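Enquirer: what's the 3D shape of this:
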Amino acid sequence: MEEEPKLFVDTLLKYFKSRGSIILGFMEASKQNNIKIEFHGLYHYFRSNGKYTRFMDLYRSLREKYGDRLNIYGYEVILKDEYIIVPKNLIRCLLDLK
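Expert: Numbering: from 1, shown residues only. So this is what the prediction gives:
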């Protein structure tokens, strides 16, 4: 996996390790297949790698390189101007990772 997607996945992984079970519970109860996550929810979980010191710098780079869709482990994450849309099955996949 390239540097930018890997750093993005690491951020999502930290976010969902903290909040994923609760989010999945709400998604199951409301029968949602996708969830919209605004950026302020991800800032805290981002760790700078030197090249990208802020989450939004990384995000802009991802959008320039991949457009509005990013494939992560076979699941499509939609990249919007102010939020991302993540499928429920990707959340499950990330929670299963060690």
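
Enquirer: quick one: the helices in the chain?
Expert: Here the chain has its helices, by DSSP state H, at 3-30, 40-43, 55-66, 88-96.

Enquirer: outside of the lowest-mean-pLDDT helix or strand in the chain, which residues touch it?
Expert: Across the helices and strands of the chain, mean confidence by mean pLDDT, DSSP states H and E is lowest for helix 40-43: a mean of 92. Applying C-beta atoms under 8 Å, 6 or more residues apart in numbering, the external contacts of helix 40-43 come out as T11, L12, Y15, F55, I84. For the C-beta atoms, the positions are set from N, CA and C on the backbone; glycine is no exception.

Enquirer: next: stretch 10-24.
Expert: Residues outside stretch 10-24 that contact it (C-beta under 8 Å, 6+ apart): 35, 37, 41-42, 45-47, 55, 58, 72, 86, 88, 91-92, 94-95, 97.

Enquirer: just the buried members of the residues you listed?
Expert: Neighbour-count burial (16 or more other C-beta atoms under 10 Å) is assigned, among the contacts of stretch 10-24, to I35, I37, L42, Y45, F46, F55, L58, I72, V86, K88, I91, L94.

Enquirer: quick one: low-confidence residue ranges for this protein.
Expert: Counting by pLDDT under 70, the ranges of the chain that qualify are 98.

Enquirer: please redo it, this time with the cut-off set to 50
Expert: Of all residues in the chain, none has pLDDT under 50.

Enquirer: quick test: name the residue nearest the centre of it.
Expert: Geometric centre of the chain, nearest residue: L12, 4.0 Å, by C-alpha atoms, centre = their mean.

Enquirer: for that one, give its distance to R19.
Expert: Applying C-beta to C-beta, to the nearest Å, one obtains 11 Å for the distance of L12 from R19.
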